[in-house]
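**Q** next one to model:
(chains A, B, C and D)
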There are 4 protein chains.
Amino acid sequence: MLPGPSPMPYRYARRVQFAETDQAGIVHFSWYFRYMEEAEHAMWREAGLSIAPPGEAGFPRVAAALDFHAPLRFEDVFDVHVRIEAIARRTIRYAHTITRDGVTIATGTMTAVAVRKDPDMRAVDIPGDIARRFAVWRPEEA
Amino acid sequence: MLPGPSPMPYRYARRVQFAETDQAGIVHFSWYFRYMEEAEHAMWREAGLSIAPPGEAGFPRVAAALDFHAPLRFEDVFDVHVRIEAIARRTIRYAHTITRDGVTIATGTMTAVAVRKDPDMRAVDIPGDIARRFAVWRPEEA
Amino acid sequence: MLPGPSPMPYRYARRVQFAETDQAGIVHFSWYFRYMEEAEHAMWREAGLSIAPPGEAGFPRVAAALDFHAPLRFEDVFDVHVRIEAIARRTIRYAHTITRDGVTIATGTMTAVAVRKDPDMRAVDIPGDIARRFAVWRPEEA
Amino acid sequence: MLPGPSPMPYRYARRVQFAETDQAGIVHFSWYFRYMEEAEHAMWREAGLSIAPPGEAGFPRVAAALDFHAPLRFEDVFDVHVRIEAIARRTIRYAHTITRDGVTIATGTMTAVAVRKDPDMRAVDIPGDIARRFAVWRPEEA
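**A** The predicted structure follows:
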């Protein structure tokens, strides 16, 4: 049996790869958005789900934002902490904090919307078996 | 002689490449942040500057945010309109609008900070010969 | 009417973008393979084709190889020269030369195979309306 | 104390991320070259080394080649097996095999050259403390 939905933040550990750096000697800012998404998908797997099941809804992003506080460099090991800030009928909003050795590297949010997997990509309700696996994180419960 | 600073939005034209799509059949959202940066750098070149001159300040991003309104697909030709929203002593904030055939694809902002090019990356004033090339865009002047 | 198939190499011009550099201060080697593919697709467009038409064959790569002779750096403008070395019933082999200001940067080859666009990706004959648009480049004809 | 140089292939385990897929529903071929490099760098770390130590030689690639036998898809877990095929005074050649559940996905080679870390990037001898950590893999020793 799958575990019940967890209201806790999910922690995703990762190491910086060489191709992710740029000539300034730090990770290119576009990569942090991929790190956010990798953490989201790992959280879905932890919940017994895949964000790309065949024949179901897709989840394109409708908003993404990051503030960058400190750089990451080649071979740094860091954590992406992701929690669910809000679940509406058709959207999920995540909040992310990226840290390395206790230092905050970046903080941000990302919102995905459920859509039909056809060229029109019309918004649909989040399938119940997915919505049931997730719960909004509330600090007072932690 | 270089042209004076332009308060007008700069338009950068681009075509979607295959490697920029994902298995949902649309451009992966992380690419839009690269499109924003490509447009910024093209605007700098238009102003007679390079964002990466040897022996000068670097310009890492401290914030980036996008709202996605419609997808881009393989071989789509689109425009990135970039304008300067604010120039402070050490930071430049850009506003971007991505359009395809008059349809708004995405809107967002990006803030870069001038730093010394050493491992500490301490914030410094934007060099005068750079600051003088740019001007904030004000709609009433357009 | 479309022009007839051209046996001449196709030239694709490109500028190096910041996100394509790595911390060694040069373009990351994986990007050259994307440059090869961008040039291939531009050559297809020049021939009145898209490599990704709806409802037709797909063209995954079965081999790719590059030798790197000199680096590319941020904002370099370079050319990818692509020509067809061989067309068989199901495969196309391209040869690429990347140059900057007459200096050879990289040389390589890439082979694509026609497949059915389903999960099995079974090899199929190259559709006639595609094969007819291309011709092998033979230096003696140039 | 560090372990002695290992003549055995090094195995690097990895999961396919969403941003690595393209609209054909499979991993874009350019990513396999990054997987090869990630495995190489993990092998260096296993040997107690970093491929990017401050103040030392750099190791740009001079050749890379891959044959693709079967696709990888989103969330696939796969292995990159990397072994050293040859070490010369200034170059290291690796051979890679990518597998998923015992199926061969791709096979290839990559050659890196030691260079001075300055704009000229002149080839130099591989530093002794690096060369001593590696040994050519010979099947008969396995």
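
**Q** quick one: is stretch A:91-105 near chain D?
**A** No. When contact is scored as Cβ under 8 Å from any Cβ of the partner chain, no part of stretch A:91-105 falls within range of chain D; the minimum is 14.4 Å. Every C-beta, even on glycine, is put in place using the N, C-alpha and C of the backbone.

**Q** and that stretch, is it in reach of chain B?
**A** No. With Cβ under 8 Å from any Cβ as the threshold, stretch A:91-105 lies outside contact range of chain B, at a closest distance of 12.1 Å.

**Q** can you show me the strands along chain A?
**A** In chain order, chain A shows strands spanning A:10-15, A:61-68, A:77-87, A:91-100, A:103-113, with DSSP state E as the criterion.

**Q** could I get these as JSON lines with mean pLDDT and mean neighbour count?
**A** Listed next are those as JSON lines, based on pLDDT from 0 to 100; neighbours: other Cβ atoms under 10 Å in any protein chain shown:
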{"stretch": "strand A:10-15", "mean pLDDT": "97", "mean neighbour count": "16"}
{"stretch": "strand A:61-68", "mean pLDDT": "98", "mean neighbour count": "21"}
{"stretch": "strand A:77-87", "mean pLDDT": "96", "mean neighbour count": "18"}
{"stretch": "strand A:91-100", "mean pLDDT": "97", "mean neighbour count": "20"}
{"stretch": "strand A:103-113", "mean pLDDT": "98", "mean neighbour count": "19"}
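
**Q** out of the ones you listed, which gets nearest to residue B:116?
**A** Within the strands of chain A, the stretch nearest residue B:116 is strand A:61-68; the backing value is 16.7 Å (Cβ to Cβ).

**Q** spell out which parts of chain A neighbour chain D.
**A** For chain A, the residues in contact with chain D under the definition Cβ under 8 Å from any Cβ are A:17-19, A:34, A:37-38, A:41, A:45, A:50-52, A:74-75.

**Q** most surrounded residue in these?
**A** For those, counting by other Cβ atoms under 10 Å in any protein chain shown, the largest number of neighbours falls to residue A:37: 25 neighbours.

**Q** dump the residue contacts of that one.
**A** A:61, A:110, B:29-30, D:17-19 (Cβ atoms under 8 Å, 6 or more residues apart in numbering or on different chains).

**Q** what's the spacing between it and residue C:10?
**A** In this structure, residue A:37 lies at 35 Å from residue C:10, with Cβ to Cβ, to the nearest Å as the measure.

**Q** next one, pLDDT for residue A:25 please.
**A** In the prediction, the pLDDT value recorded for residue A:25 is 94.

**Q** what sits against it?
**A** The neighbourhood of residue A:25, defined by Cβ under 8 Å, 6+ apart, consists of A:73, B:119, C:23.

**Q** residue contacts, the last one?
**A** Spelled out, it's residue C:23. Shown in contact with residue C:23 (Cβ under 8 Å, 6+ apart): A:18, A:21-26, A:73-74, D:52.

**Q** which one among those residues gets closest to chain B?
**A** Of all the contacts of residue C:23, the one sitting nearest chain B is residue A:24; the distance, using Cβ to the nearest Cβ, is 5.3 Å.
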